[in-house]
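Peer 1: Kindly return the folded structure for what I paste below:
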Amino acid sequence: MAEGSKRLATGEEFSLEALWEGHQSLVTRTESLAAEVHQFFGEMRRELRQINARLDRNQDVRANVPATTPVARRGFSTDRGRFRETN
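Peer 2: Numbering: from 1, shown residues only. Coordinates of the predicted model:
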């Protein structure tokens with residue numbers, strides 16, 4: 001294999017030089033993709049921080065409204081034993 005690695009293959013698409021060029025193009029594309037992903041995540045982090053900062057400011061502005069609790073109805077009792085008479 002070592003002695004044949006310098007020879008051109010048929011059609012020249014599988015020669016060592018062609019494979020090396022293909023590898024280099026993949027490396028270049030991978031590096032550019034990694035840079036774009038890194039930039040995307042940086043932008044997402046920045047936008048999420050801005051959203052959280054806006055939400056924190058809005059929490060101070062909001063008025064705290066007391067919770068509405070239902071009023072007990074007249075004649076409705078959950079204590080059944082109180083009205084039951086035993087002989």
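
Peer 1: Which stretches in this structure count as helices?
Peer 2: Assigned by DSSP state H, the helices in the chain fall at 16-61.

Peer 1: Can you list the buried residues in stretch 19-39?
Peer 2: Of the residues in stretch 19-39, none count as buried by neighbour count, 16 or more other Cβ atoms under 10 Å. (Glycine included, C-beta is placed from N, CA and C.)

Peer 1: And the contacts of that stretch?
Peer 2: Around stretch 19-39, nothing counts as a contact under Cβ atoms under 8 Å, 6 or more residues apart in numbering.

Peer 1: Now it: average pLDDT?
Peer 2: For stretch 19-39, mean pLDDT is 96.

Peer 1: With just CA atoms, put it into CSV.
Peer 2: Output in CSV follows, covering the C-alpha atoms of stretch 19-39 (Å, rounded to 0.1, in the frame of the first residue of the first chain):
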residue,chain,number,x,y,z
LEU,A,19,-8.2,13.0,-1.5
TRP,A,20,-6.0,15.6,0.3
GLU,A,21,-7.8,18.4,-1.6
GLY,A,22,-11.1,17.0,-0.6
HIS,A,23,-10.0,16.7,3.0
GLN,A,24,-8.8,20.3,3.0
SER,A,25,-12.1,21.6,1.5
LEU,A,26,-14.0,19.6,4.2
VAL,A,27,-11.8,21.2,6.9
THR,A,28,-12.4,24.7,5.5
ARG,A,29,-16.2,24.1,5.4
THR,A,30,-16.2,22.6,8.9
GLU,A,31,-14.2,25.6,10.3
SER,A,32,-16.6,28.1,8.7
LEU,A,33,-19.6,26.2,10.0
ALA,A,34,-18.1,26.1,13.5
ALA,A,35,-17.6,29.8,13.4
GLU,A,36,-21.2,30.4,12.3
VAL,A,37,-22.6,28.2,15.1
HIS,A,38,-20.4,30.0,17.6
GLN,A,39,-21.7,33.3,16.4
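
Peer 1: Show me where the protein dips below the pLDDT cut-off.
Peer 2: 1-13, 59-67, 71-87 (pLDDT under 70).
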